[in-house]
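Asks: From the sequence below, what's the structure:
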Amino acid sequence: MRIVINGQQAFGKDVLEALIARGDDVIAIYCEPDREDARPDPIKVAALEHNLPVYQPASYKKQEVWAEFATLKPDLCVMAYVTKIVPEEFLNTPTHGTIQYHPSLLPRHRGPSSINWPIIQGADKTGLSIFWPDNGLDTGPILLQKEVDIGPEDTLGSIYFDKLFPLGVAAMLEGVDMVKAGNPPKIIQVEADATYESWCRDDDVAIDWAQPAATIHNLIRGANPQPGAWTTHNGERLKIFDCIRLDTTSGEPREPGQITAISDDGMTVATGAGQILIGRVRASGAKITAAEYVVEVGLVVGMHLG
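Replies: Residues are numbered from 1 along each chain as shown. A predicted model of the protein is given here:
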């Protein structure tokens, strides 16, 4: 089976390396155009090391791109982390079509920040889908799915790098095998169960200290490391990363956002219900421990964030 990989970054590279390592016939790579201010894409570097042709169209909506793709005579296109819109004229060119990785349990969490939102929304499970893309946004039929748990201290980073990344590479290979075997599943997504969220951006992750500790804890975890949940101190934005949820309060009543304790572990902040122990932050510079930040800016118990 003549396979073309369309992907980028470390995930695309690892899918490429895994397919080549087991002897699959990868014939070409599509990836993002080079940027002057960035290093070459890892998948491009790997492709060139394996003497594979590399194509980097600025858009997939042009007939000349479809025609060039057709000359490769592909049997299957494997989309491993693609952010551009790819129309069906390209997707349907291979003999067996195109399969794509998406890091959620479709039809839940369609969209570009599909790992952030389940954590922010307090879900205890998420997963990945290998599906048959069409002209919709993450709407095509499902080939296979894998489920993972969201632990109480998991973050965006741990869910992706420890769970959905390695499981996704393996699932892409499993998907290729299912296509090779013939008659692969094409399970129509149930639109009544569908959700869509756009990019998780800074405006979405501002901390409201009047919310319960559980809600704030989920927000911080779901935005760690990107885009980074934030509050303010003295008019300066302060991003918060590592944290621990404390559901109980002690001592006299405190206002939401008020610092209730300071220790070597960080600073504890009152919320609408419970408290949050903040462990790592970033203001204008690099990430530092909350204990270091407290000393740097002179915070004391009783002061407020936000």
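
Asks: Distance-wise, check the residue nearest the centre of the chain relative to L246.
Replies: What sits nearest the mean C-alpha location of the chain, by CA atoms, centre = their mean, is I115, with 4.6 Å. Separation of I115 from L246 (CB to CB, to the nearest Å) stands at 26 Å. From N, CA and C alone the C-beta is placed, and that goes for glycine too.

Asks: same thing with L76?
Replies: 51 Å.

Asks: Any regions of the stretch 1-150 of the chain where pLDDT drops low?
Replies: Within the stretch 1-150 of the chain, no stretch has pLDDT under 70.

Asks: mind redoing it with 90?
Replies: Applying pLDDT under 90 to the stretch 1-150 of the chain picks out residues 36-38.

Asks: Tell me where it has helices.
Replies: Listed in chain order, the helices of the stretch 1-150 of the chain (DSSP state H, counting those that start in this stretch) span 9-21, 42-49, 63-70, 88-91, 116-120.

Asks: Save those as JSON lines, and put in mean neighbour count and distance to D204 too.
Replies: Converted to JSON lines, the helices of the stretch 1-150 of the chain look like this (neighbours: other CB atoms under 10 Å; distance: least, CB to CB, whole Å):
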{"stretch": "helix 9-21", "mean neighbour count": "20", "distance to D204": "23"}
{"stretch": "helix 42-49", "mean neighbour count": "19", "distance to D204": "28"}
{"stretch": "helix 63-70", "mean neighbour count": "14", "distance to D204": "34"}
{"stretch": "helix 88-91", "mean neighbour count": "19", "distance to D204": "30"}
{"stretch": "helix 116-120", "mean neighbour count": "24", "distance to D204": "8"}
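
Asks: do you know which of these lies nearest G235?
Replies: Ranking those by distance to G235, with CB to CB as the measure, places helix 116-120 first at 25.9 Å.

Asks: So for Q145, what's the nearest residue that isn't a sequence neighbour?
Replies: Leaving aside its chain neighbours, Q145 sits nearest to S129 (5.0 Å; criterion: CB to CB, 6 or more residues apart in numbering).

Asks: contacting residues around the residue lying closest to C77 once chain neighbours are set aside?
Replies: Using CB to CB, 6+ apart and skipping residues adjacent in sequence, the residue nearest C77 is T98, 4.0 Å away. Residues near T98 by CB atoms under 8 Å, 6 or more residues apart in numbering: 6, 76-79, 86, 90-92, 132-133.

Asks: Need the buried ones from these selected in PyMOL.
Replies: Restricted to buried positions by 16 or more other CB atoms under 10 Å, the PyMOL selection for these reads:
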select buried, resi 6+76+77+78+79+86+90+91+132+133
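
Asks: Which one of the contacts of T98 is nearest to A47?
Replies: Nearest to A47 among the contacts of T98, with distances taken as CB to CB, is N6, at 11.5 Å.

Asks: which residues does that closest one bridge with?
Replies: Here N6 sits in beta bridges with Y30, M79, going by DSSP bridges.

Asks: Next one: it from D193, what distance?
Replies: Using CB to CB, we find N6 at a distance of 28 Å from D193.

Asks: Output the helices of the stretch 1-150 of the chain as CSV; include the columns distance to A213.
Replies: Converted to CSV, the helices of the stretch 1-150 of the chain look like this (distance: least, CB to CB, whole Å):
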stretch, distance to A213
helix 9-21, 33
helix 42-49, 39
helix 63-70, 50
helix 88-91, 45
helix 116-120, 14
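
Asks: which residues in the stretch 201-306 of the chain form strands?
Replies: Under the criterion DSSP state E, counting those that start in this stretch, the stretch 201-306 of the chain contains strands at 229-233, 236-240, 243-246, 259-263, 266-270, 275-278, 280-282, 288-289.

Asks: In TSV: those, plus mean neighbour count and distance to F69.
Replies: Formatted as TSV, the strands of the stretch 201-306 of the chain follow (neighbours: other CB under 10 Å; distance: least, CB to CB, whole Å):
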stretch	mean neighbour count	distance to F69
strand 229-233	20	41
strand 236-240	18	42
strand 243-246	20	47
strand 259-263	17	58
strand 266-270	25	52
strand 275-278	24	50
strand 280-282	20	43
strand 288-289	16	48
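
Asks: and the gap between the residue nearest to the centre of the chain and G279?
Replies: In this view, I115 and G279 are 21 Å apart by CB to CB.

Asks: And A67, by the same measure?
Replies: Separation of A67 from G279 (CB to CB) stands at 54 Å.

Asks: try P185
Replies: Taking CB to CB, one finds P185 at 44 Å from G279.

Asks: out of those two, which sits in the more crowded spot?
Replies: The residue with more neighbours, out of P185 and G279, is G279; 16 against 12, by other CB atoms under 10 Å.

Asks: All set, thanks.
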